[in-house]
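Student: Need a 3D model of the following:
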Amino acid sequence: MIEISKPRPHTTVITMNRPERMNSMAFDLMVPLRDAFAEVAEDNDTWTVVLTGVGRGFCSGADTRDLEPPPNIDGLTLTRIATKSMSLLAGLVPAMRRMPQPVIAAVNGAAIGGGMCLTLGADIRIAGESAYFRAAGINNGLTATELGLSFLLPRAIGATRAFEIALSGRDVGAREAAEIGLVSRVVPDADLMTAALDLAEQINGWSTQGTQLTKRMMWAGLETASLEAAIELESHTQLFVRLTTKNFEEATRARAAGRKPDFQD
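Tutor: From the prediction side, this is the model:
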């Protein structure tokens, strides 16, 4: 149900392949997804990751039909099973953040509930024209806030829009998502994977050390309490790369020669 492929050098695609259930968050899909994040994170030949789904949905959130329990629950009480279930799902977005590689979500079709949260865990989101987003917990009599949505959504699109989307339970189409900054751009569905792979290839053309530390600093900046603290963190990171690699010198030589740089980190 989870496929890992490398269609281009240094780019790994993680594909959720359970189209008959719109890649809903059943444990038999989410446990392998968690494991795929861990496996790909350790692949030194992977510089950028693309996450997508097969069929009409990126991920449709909670599976309301196949209510399978999480694995390894023998001897546990109901309350401990519930805690184990939520802990497993709650770990997915932080796992995406911990991956050293930039993660691009190529959002096809529905990104509902926890599926919307998965897109927020990516560093970049590109939407196909069929994509739509819904914070669906509110529609099911629960809260719309799950898997990091209350932290990530306001930071992506601003508090006012985030409150409105979370409380209304309405769908946000691809075009609106681009207008409000929920996704970086919208492309025809047929071009979605090509656009994601092209972007990954562009990122891969830079210093791997530079891109991975930029990801870490951008996430750290979301939680940094002040401008001065952010600049302090950035300064140390920038100096680290500048003094421990010859990347800057290579960029200067490449620019003078009119060629692409070949960063060796």
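
Student: Could I get the buried residue list for the helix ranked longest in the chain?
Tutor: Looking across the chain with DSSP state H, the single longest helix is helix 227-244. Of the residues in helix 227-244, those buried by neighbour count under the rule 16 or more other CB atoms under 10 Å are Ala230, Glu234, Thr237, Val241. In this view, the C-beta of every residue, glycine as well, is placed from N, C-alpha and C.

Student: which element follows it toward the C-terminus?
Tutor: Note on helix 227-244: by DSSP states H and E, the next helix or strand toward the C-terminus is helix 247-257.

Student: okay, the angle between that next one and helix 227-244?
Tutor: Per axes from the mean of the first three to the mean of the last three CA atoms, to 10 degrees, the angle that helix 247-257 makes with helix 227-244 is 70 degrees.

Student: and helix 247-257, how far from the chain's centre?
Tutor: Taking CA atoms, centre = their mean, to the nearest Å, one finds helix 247-257 lying 32 Å from the centre of the chain it belongs to.

Student: packing partners for that helix?
Tutor: Under the contact definition 3 or more CB pairs under 8 Å, 6 or more residues apart in numbering; DSSP states H and E, helix 247-257 sits against no other helix or strand.

Student: Tell me which residues are up against that helix.
Tutor: Outside helix 247-257, the residues within contact range by CB atoms under 8 Å, 6 or more residues apart in numbering are Ser207, Gln209, Gly210, Val241, Arg242, Lys260, Pro261, Asp262, Phe263, Gln264, Asp265.

Student: tell me which residues in it are buried?
Tutor: Neighbour counts over helix 247-257 (16+ other CB under 10 Å) mark Asn247, Glu250, Ala251 as buried.

Student: I'd like those as JSON lines, with pLDDT appended.
Tutor: Putting these into JSON lines (pLDDT from 0 to 100) gives the following:
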{"residue": "Asn247", "pLDDT": "93"}
{"residue": "Glu250", "pLDDT": "89"}
{"residue": "Ala251", "pLDDT": "89"}
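
Student: nearest to Pro188, of these?
Tutor: Comparing the buried residues of helix 247-257 against Pro188 with CB to CB places Ala251 closest, at 34.5 Å.

Student: For that closest one, give its distance to Asp262.
Tutor: 10 Å (CB to CB, to the nearest Å).

Student: got it, and Gly91?
Tutor: In this structure, Gly91 lies at 37 Å from Asp262, with CB to CB as the measure.

Student: about what we covered before: then the longest helix of the chain to CSV, C-alphas only?
Tutor: Extracted in CSV, the C-alpha atoms of helix 227-244 (Å, rounded to 0.1, in the frame of the first residue of the first chain):
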residue,chain,number,x,y,z
LEU,A,227,13.7,38.2,15.6
GLU,A,228,16.9,38.3,17.4
ALA,A,229,16.8,34.7,18.3
ALA,A,230,16.0,33.7,14.7
ILE,A,231,19.0,35.8,13.5
GLU,A,232,21.3,34.2,16.0
LEU,A,233,20.3,30.7,14.9
GLU,A,234,20.6,31.6,11.2
SER,A,235,24.0,33.2,11.8
HIS,A,236,25.5,30.1,13.3
THR,A,237,24.1,27.9,10.6
GLN,A,238,25.3,30.1,7.8
LEU,A,239,28.8,30.4,9.3
PHE,A,240,28.9,26.6,9.8
VAL,A,241,28.3,25.9,6.1
ARG,A,242,30.5,28.8,5.0
LEU,A,243,33.5,27.7,7.1
THR,A,244,33.2,23.9,6.7
